[in-house]
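Enquirer: return a 3D structure for these sequence lines:
(one chain, ligands or ions: 1)
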Amino acid sequence: MPFTANRAFKKAPRLIAGAKDMHYITTDGRKVLDGAAGMWCCNAGHGRAEISAAIARQADALDFAPPFQFGIPQAFELANRVSELAPEGLDHVFFCNSGSEAADTALKLALAYHRIAGQGSRIRLIGRERAYHGVGFGGTAVGGIVSNRKMFGSLLTGVDHLQSTYNREKQAFSKGEPQWGAELADELERLVALHGAETIAAVIVEPMAGSTGVLPAPKGYLKRLREITQKHGILLIFDEVITGFGRLGHAFAAERYGVLPDMITFAKGVTNGAAPMGGVLVHKTIHDAFMTGPANAVEVFHGYTYSAHPLACAAGLATLDIYRAEELFERARNLEPKFADAVMSLREEPNVVDIRTVGITAGIELAPNENGPGDRGFTALRAGFHDYDLMMRIAGDTLALTPPLIISEDQIGEIVDKTAKVIRAVA
Ligand SMILES: Cc1ncc(COP(=O)(O)O)c(C=O)c1O
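Expert: As a prediction, this is how the structure comes out:
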């Protein structure tokens, strides 16, 4: 099983049979409150009939069409709909099937773009410590999770990392973007001085690092990164696999931060988790640079058999209809202060060393127990599921709450209540 303690799981499996709205249903019939939107995917909640009906209709009409040299209208329609939600200029979409593929696609496009533009010396990629960009070789290399990297050799060469934006001493119990830390972006100047700007292709960052425990970007940090990348001709990629589609109260976090990156990766929420899909939003200037050379020649030597799969496109279009009709991004924005206040009330619970919130997302960091880092978190995950009917995500000893955006105010209270019980149970 992926990213799972297999032996522990088999002793006490956490098996799921169904889902509706804010709940999962276990194989033994229990209703478990979904505090994780599945895995940051199901922003519109579960069992959305409009999405499953669209998938069924599409399967009847067209099961598969080759995406190389052929296309389906729904792919273009979805690309237009996604780019309408993105900051102006990010006008083109390259579809793939996951966040990992989106990260690797964006990194490859960055390298290819510079080569086309006559700057083939730009081969370095800069990531950040405590970043997660999926599990492809590129994403793992620019990622900054030690355990994800150390099993797999040297990964890509020519990669360097900014330091993580998290500093508990200076940021503990921040609501939203921490006040301290914008200056950490200046470290990019140090890397530019070290390697030479002419060797750096791109910087990739998550506007909020989700998988390593909910680390929102400090106030002003992303703007500063944009200024520095622009100054040196380096592309800036936002990995919005988690933050896209409303999680931070906007279609994309780029809008929340008023920053225009050169590319945005997305996945998860684009289909509400109902079909695998990812993609890269690309700025017009990058797209146009590829559209040169002989008109009959392939422009981008990259793609997947299942790029823009018909079922995923149908799921994506139905999902975006729901987001728009139910104004879920605005809903998240309006709920954010209530969510943050409610989660911050856990501050006095045992072993809580920090709480971070942004959008409809929170990380509650617990001190490790005597068995070492991660054990208290894992024990909490199991207690939540088996004893308190709560599903959450964990990152080490940080409990991540990131429920569907349809959550009611009462259900926010319920999640916080259940989380308090879990924290006490693992004290
Ligand atoms: C920011 C980010 N990028 C990439 C990925 C990888 O996505 P996937 O698991 O769909 O490959 C994730 C997954 O959580 C993510 O959070």
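Enquirer: anything in stretch 118-127 sitting right up against the ligand?
Expert: No - residues of stretch 118-127 contacting the ligand under Cβ under 6 Å from any ligand atom: none, with a closest distance of 11.1 Å. For glycine as for every other residue, the C-beta is placed from the backbone atoms N, C-alpha and C.
Enquirer: tell me the domain ranges of the protein?
Expert: Here the domain parsing of the chain from automatic domain parsing is 6-47+328-425, 52-325.
Enquirer: take the ones you listed and lay them out in CSV including mean neighbour count.
Expert: Formatted as CSV, these follow (neighbours: other Cβ atoms under 10 Å):
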stretch, mean neighbour count
domain 6-47+328-425, 19
domain 52-325, 20
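Enquirer: redo those domains as CSV? Include mean pLDDT.
Expert: Below are the domains of the chain laid out as CSV (pLDDT from 0 to 100):
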stretch, mean pLDDT
domain 6-47+328-425, 98
domain 52-325, 98
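Enquirer: for the residue of the stretch 301-427 of the chain found nearest the ligand, which non-adjacent residue is closest in space?
Expert: The minimum distance from the stretch 301-427 of the chain to the ligand, using Cβ to the nearest ligand atom, falls at residue 393 (9.3 Å). In space, and not counting its chain neighbours, residue 393 is closest to residue 400: 4.0 Å by Cβ to Cβ, 6 or more residues apart in numbering.
Enquirer: the one you found touches residue 213, doesn't it?
Expert: Yes - here residue 400 reaches residue 213: they are 6.8 Å apart, a contact under Cβ atoms under 8 Å.
Enquirer: between those two, what contacts are shared?
Expert: residue 363 (Cβ atoms under 8 Å, 6 or more residues apart in numbering).
Enquirer: list the residues that contact residue 230.
Expert: residue 236.
Enquirer: can you pull out the helices in the stretch 1-150 of the chain?
Expert: Counting by DSSP state H, counting those that start in this stretch, the stretch 1-150 of the chain has helices at residues 6-11, 37-40, 49-61, 73-85, 99-116, 137-142, 146-150.
Enquirer: which bits of the protein sit near the ligand?
Expert: Residues of the chain lying close to the ligand (Cβ under 6 Å from any ligand atom) are 98-100, 103, 132-134, 206, 210-211, 239, 241-242, 267.
Enquirer: thought residue 275 was touching residue 55?
Expert: Yes - checked against Cβ under 8 Å, the pair residue 275 and residue 55 is within contact range at 6.4 Å.
Enquirer: quick one, what contacts the closest residue to the ligand within the stretch 201-350 of the chain?
Expert: The stretch 201-350 of the chain approaches the ligand most closely through residue 241 (3.6 Å), counting by Cβ to the nearest ligand atom. Neighbouring residues of residue 241 by Cβ under 8 Å, 6+ apart: 40, 99, 102-103, 134, 206, 265-268, 278.
Enquirer: go again with 6 Å.
Expert: Residue 241 is in contact with 99, 265, 267-268, counting by Cβ atoms under 6 Å, 6 or more residues apart in numbering.
Enquirer: same thing with residue 311?
Expert: If you count contacts by Cβ under 6 Å, 6+ apart, then residue 311 has 55, 58, 275 around it.
Enquirer: that one sits in which helix or strand?
Expert: helix 310-325 (DSSP states H and E).
Enquirer: how close does the nearest residue to residue 184 once chain neighbours are set aside sit to residue 213?
Expert: The shortest distance from residue 184 to any non-neighbouring residue, by Cβ to Cβ, 6+ apart, is to residue 165 (5.4 Å). Note on residue 165: its distance to residue 213, by Cβ to Cβ, to the nearest Å, is 12 Å.
Enquirer: also residue 162?
Expert: As judged by Cβ to Cβ, residue 162 and residue 213 stand 17 Å apart.
Enquirer: ok so, going back, distance to residue 28 added to the helices of the stretch 1-150 of the chain, as JSON lines?
Expert: Shown next, in JSON lines, are these (distance: least, Cβ to Cβ, whole Å):
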{"stretch": "helix 6-11", "distance to residue 28": "16"}
{"stretch": "helix 37-40", "distance to residue 28": "20"}
{"stretch": "helix 49-61", "distance to residue 28": "24"}
{"stretch": "helix 73-85", "distance to residue 28": "38"}
{"stretch": "helix 99-116", "distance to residue 28": "31"}
{"stretch": "helix 137-142", "distance to residue 28": "36"}
{"stretch": "helix 146-150", "distance to residue 28": "32"}
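Enquirer: which among those helices is found nearest to residue 289?
Expert: helix 99-116 (5.2 Å; Cβ to Cβ).
Enquirer: packing partners for that closest one?
Expert: strand 90-96, helix 137-142, strand 200-205, strand 263-266, strand 278-283, helix 284-290 (3 or more Cβ pairs under 6 Å, 6 or more residues apart in numbering; DSSP states H and E).
Enquirer: let's see it at 7 Å
Expert: Judged by 3 or more Cβ pairs under 7 Å, 6 or more residues apart in numbering; DSSP states H and E, the packing partners of helix 99-116 are strand 90-96, helix 137-142, strand 200-205, strand 235-239, strand 263-266, strand 278-283, helix 284-290.
Enquirer: want to throw those into TSV with distance to residue 189?
Expert: Formatted as TSV, these follow (distance: least, Cβ to Cβ, whole Å):
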stretch	distance to residue 189
strand 90-96	26
helix 137-142	19
strand 200-205	12
strand 235-239	14
strand 263-266	22
strand 278-283	23
helix 284-290	24
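Enquirer: to residue 253, which of the ones you listed lies closest?
Expert: Between the helices and strands packed on helix 99-116, strand 235-239 lies closest to residue 253; by Cβ to Cβ that is 6.8 Å.
Enquirer: could you check the angle that closest one makes with strand 90-96?
Expert: 60 degrees (axes from the mean of the first three to the mean of the last three Cα atoms, to 10 degrees).
Enquirer: does anything pack onto strand 235-239? Which helices or strands?
Expert: Against strand 235-239 (3+ Cβ pairs under 7 Å, 6+ apart) you get helix 99-116, strand 200-205, helix 221-231, strand 263-266.
Enquirer: ok, the closest residue to the ligand within the stretch 51-200 of the chain - contacts?
Expert: Taking Cβ to the nearest ligand atom, the ligand has its nearest neighbour within the stretch 51-200 of the chain at residue 99, 2.2 Å off. Neighbouring residues of residue 99 by Cβ atoms under 7 Å, 6 or more residues apart in numbering: 134, 241, 265, 267-268, 278.
Enquirer: which one of those sits closest to residue 413?
Expert: Nearest member of the contacts of residue 99 to residue 413, counting by Cβ to Cβ, is residue 268, at 25.9 Å.
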